[in-house]
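**Q** With the sequence up front, the predicted model follows.
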Amino acid sequence: MVERRAGRVVALQANYCLVVLDRPGPDGQQRLLCTRRTRLGKSGQRICVGDRVEVDGIDWPSARAAISALEPRSSLLERPAVANVSRVVVVVAVREPTLDPLLLTRFLVTAEATGQSVQLVLTKADLLPASELEAWCERVTGWGYPVHAISTLTGQGLGALRASLVESGIAVLCGPSGVGKSSLLNALLPNLELRVGNVSGRLQRGRHTTRHVELFSLSPTALLADSPGFNRPDLPDDPGVLSQAFPELRHRLAETSCRFSNCRHQGDPGCAMGSDWDRHALYGQCLCEVEQRAEALAMAGQRLAGLRQRGSRLEPRLDPQLRRESRRRRRQELENDLSAGLSLPDPAD
Ligand SMILES: Nc1nc2c(ncn2[C@@H]2O[C@H](COP(=O)(O)OP(=O)(O)OP(=O)(O)O)[C@@H](O)[C@H]2O)c(=O)[nH]1
Ligand SMILES: [Mg+2]
Ligand SMILES: [Zn+2]
């Protein structure tokens, strides 16, 4: 009989998945290096860190196996790709690199796309006067996010953060490079010794030290993922999805509605949101980008469908050969008219 075991993917390495089994094997092995069965690839199923899987073909002495089945996911964070997340922890530094509210907002928007709870960690609290730190905490609390201000140098805030992360489930640290995600994991799990890199240059950017997503156990039931930092999270394609990713907007719109159903929530008359909210301008910037991309996509779609925009009308796009033909025909007709004694219209008309 084929031996099958259930487990969870905790890391991806080139073509291999590192799977931790729910129950240890004969000699206590619990971590297996696994390939994927080809039929998994054929059904278009991509395996992510966090996925629940079934393995077979187990070779205990070499701790190898093959993933034969993938369980349905309860949630997915697209970037970094982590399945079955219960909490997304957006991590930004208060300094080095400088805290940019727009970049922070973009990270929060991608985190919201999971539909799971989102919290915020402000790192390097030791680099900012207490009053400025407090002001940041109040500001993001006003956006609707629980926040922990921490320092891995002084230990500030680490106890409270740990308490919030040991709830069962998978939490993911995500944020720009160099903000101290790996340093935080090292502080929470002192035996880990993950590589950290310093920040450099005028903008104090990180060096993309972490290259892979990996899950670590904070408690028997709580897993925490480190992830590679990146600097430009994507926005959704749909303005409606964008508005739902701002808790301030989401909560207001759940209570009351704007006068027009296609309201852009930019403080136009009849907008339930008005313009008197902190992230009004940040929302506007994100919305413009989403709308511009939607427009560019629509134009590309029309071009593919052989249509083009003429003022407010769509008309069939003629292929250049046909257009040349029809221009030649018009010129010919004009010449015929002229030779028949008709005059051209006066250019001043
Ligand atoms: N002053 C100060 N520096 C910190 C703190 N935490 C981390 N650092 C420094 O920040 C730099 C970047 O830390 P990392 O942990 O590598 O950052 P990261 O977010 O994992 O970066 P990537 O892996 O590139 O995404 C290192 O030089 C750390 O020593 C902190 O609390 N205070
Ligand atoms: Mg790192
Ligand atoms: Zn509105």
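**A** Nice, I can see it. Ligands and ions are numbered 1, 2, ... in the order given.
**Q** from the stretch 1-150 of the chain, which residue is nearest to ligand 2?
**A** residue 91 (9.8 Å; CB to the ion). All C-beta atoms are positioned from the backbone trio N, CA, C, and that covers glycine.
**Q** That residue in helix, strand or coil?
**A** Recorded secondary structure, residue 91: strand (DSSP: H, G, I helix; E, B strand; the rest coil).
**Q** Kindly report the same for the one 5 residues further on.
**A** With three-state DSSP as the basis, residue 96 sits in coil.
**Q** Now do the contacts for it.
**A** Listed by CB atoms under 8 Å, 6 or more residues apart in numbering, the contact set of residue 96 reads 124, 127, 178, 199, 204.
**Q** Relative to residue 130, how far out is it?
**A** Residue 96 sits 17 Å away from residue 130, taking CB to CB, to the nearest Å as the criterion.
**Q** what does residue 285 give?
**A** Taken as CB to CB, the span from residue 285 to residue 130 is 30 Å.
**Q** what about those two, which has more around it?
**A** residue 285 (14 against 10; other CB atoms under 10 Å).
**Q** give me the number of residues near the residue nearest to residue 179 when sequence neighbours are not counted?
**A** Nearest non-adjacent residue to residue 179, counting by CB to CB, 6 or more residues apart in numbering: residue 93, 4.2 Å away. For residue 93, the neighbour count with other CB under 10 Å is 24.
**Q** What distance do you get for residue 93 to residue 308?
**A** On the measure of CB to CB, residue 93 and residue 308 end up 48 Å apart.
**Q** which residue packs closest to whichever residue of the stretch 201-349 of the chain sits closest to ligand 1, ignoring adjacent ones?
**A** Across the stretch 201-349 of the chain, the shortest distance to ligand 1 (CB to the nearest ligand atom) belongs to residue 229, at 2.6 Å. Spatially, and ignoring its direct neighbours in sequence, residue 229 is nearest to residue 177 (2.9 Å; CB to CB, 6+ apart).
**Q** Now do the strands in the stretch 51-200 of the chain.
**A** For the stretch 51-200 of the chain, applying DSSP state E, counting those that start in this stretch gives strands covering 52-59, 64-70, 76-77, 82-83, 85-93, 117-123, 147-149, 169-174.
**Q** Could you say which one of those strands comes nearest to residue 270?
**A** Closest approach to residue 270 among the strands of the stretch 51-200 of the chain (CB to CB): strand 117-123, 29.8 Å.
**Q** Would you give the sheet partners of that closest one, along with the direction of each?
**A** Looking at strand 117-123 with DSSP bridges, its partner strands are strand 85-93 (parallel), strand 147-149 (parallel).
**Q** Export these as CSV, with columns for mean pLDDT.
**A** Below are the strands paired with strand 117-123 laid out as CSV (pLDDT from 0 to 100):
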stretch, mean pLDDT
strand 85-93, 98
strand 147-149, 98
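**Q** Indicate which one of those is closest to ligand 3.
**A** Nearest to ligand 3 among the strands paired with strand 117-123 is strand 85-93 (25.6 Å), distances taken as CB to the ion.
**Q** from the chain's centre, how far out does that closest one sit?
**A** Relative to its chain's centre, strand 85-93 lies at 11 Å (CA atoms, centre = their mean, to the nearest Å).
**Q** got the contact list for that strand?
**A** Here strand 85-93 has contacts from 50, 75-77, 99, 103-104, 107-108, 111, 114, 116-124, 127, 145, 165, 167-176, 178-181, 184, 225, using CB under 8 Å, 6+ apart.
**Q** by how many degrees do that strand and strand 169-174 diverge?
**A** Interaxial angle, strand 85-93 versus strand 169-174 (axes from the mean of the first three to the mean of the last three CA atoms, to 10 degrees): 30 degrees.
**Q** So which other helices or strands are in contact with the helix or strand containing residue 250?
**A** Per DSSP states H and E, residue 250 falls inside helix 247-255. If you count contacts as 3 or more CB pairs under 8 Å, 6 or more residues apart in numbering; DSSP states H and E, helix 247-255 packs onto helix 130-143, helix 239-244.
**Q** Reformat these as CSV; add mean pLDDT and distance to residue 17.
**A** Shown next, in CSV, are these (pLDDT from 0 to 100; distance: least, CB to CB, whole Å):
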stretch, mean pLDDT, distance to residue 17
helix 130-143, 98, 36
helix 239-244, 94, 31
